[in-house]
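Q: pasted the sequence and its predicted model underneath.
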Amino acid sequence: MMEGMTAKTFHEEMIHHNRTDPHKQGSGLSDFILGAQDGLVNVLGVVLGIAAATNDVRVVLVAGLATTFAESISMGAVAYTTTLADADLYQSEREREYRHIVEAPALETKEIRDIYESKGFKGDLLERIVQTITANKDVWVAVMMAEEHQLSPVDRKTALKAAWVVGLSAIIGSLVPIAPFIFLSVATSMWTSVLFTAMVLFGIGIYKARVTVGKPMRSGLEMMVIGIVSAMAGYLVGVLLKVPPVP
């Protein structure tokens, strides 16, 4: 296949790759999973710990809801600032690459040649690829950003969207372990909350594997086990610091 590829088709594929970056396509899913998983696991740990320590449904609900909204705002803010930081990093490295191809074109050309030689290209085809890439500064820099730095363009406009997705998914995820305490006794709610959370984590893991890569059952089990084990830390703290009943 490599031998049949021309410099022209290679150039076209590079442009297509830059316009249909899979990182952009998967960022929404990543943001959703990040927020939902964090809300599920952290709030489950809090409500289990408070329930084990106090056996008071009112205290559990107050602590759970306070954690839900405080954490969702925090997670959204982190997603926002992280996206902007990624955009700043990309822009900084991009500007540096533009300077390099002006100040040291021979060295940058050699880096392009080394990159594609390591991929198996050689001879005239390799030289045509190098010539095609280095003939256009924008393509040249885009290739260096993707191949050398492993960085993808980040649209600053997506920062607010990422914040909303992470924040809302964190709220939705957090309500799952809280809900049983609204309707059931504390003891029953604890086990119901663990069961519901485990089921949702399992479902998220399966969904992630189906839309990305991996084995659905394995992904679901991994996410469920890691989440529940992490939440159990909160329960153990509650048991150790159990509040004695008021006489």
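A: Perfect, thanks for sending it.
Q: next up, the contacts around Ala51.
A: Val57, Val60, Phe181, Val186, Ser189, Met190, Gly238 (Cβ atoms under 8 Å, 6 or more residues apart in numbering). Where you see a C-beta, it was placed from the backbone N, CA and C, and this is true even at glycine.
Q: may I ask which of those has the most neighbours?
A: With neighbours taken as other Cβ atoms under 10 Å, the top of the contacts of Ala51 is Val60, carrying 26 neighbours.
Q: quick check: the closest residue to Glu108 other than its chain neighbours vs Lys110, distance?
A: Computed as Cβ to Cβ, 6 or more residues apart in numbering, the closest residue to Glu108 that is not its neighbour in sequence is Ile101, at 4.7 Å. To Lys110, Ile101 is 12 Å away according to Cβ to Cβ, to the nearest Å.
Q: equivalent analysis for Val154, please.
A: Val154 is 28 Å from Lys110, by Cβ to Cβ.
Q: helix, strand, or coil at Arg156?
A: Following DSSP: H, G, I helix; E, B strand; the rest coil, Arg156 is assigned to coil.
Q: number of nearby residues for it?
A: Around Arg156 there are 12 residues (other Cβ under 10 Å).
Q: ditto for the one 4 residues further on
A: Taking other Cβ under 10 Å as the criterion, the count of residues near Leu160 is 14.
Q: Tyr80 is in contact with that one, correct?
A: Yes: contact criterion Cβ atoms under 8 Å: Leu160 and Tyr80 qualify, at 6.7 Å.
Q: hmm, back to that, now the residue nearest to Glu108: which helix or strand?
A: helix 57-103 (DSSP states H and E).
Q: all good on my end, thank you.
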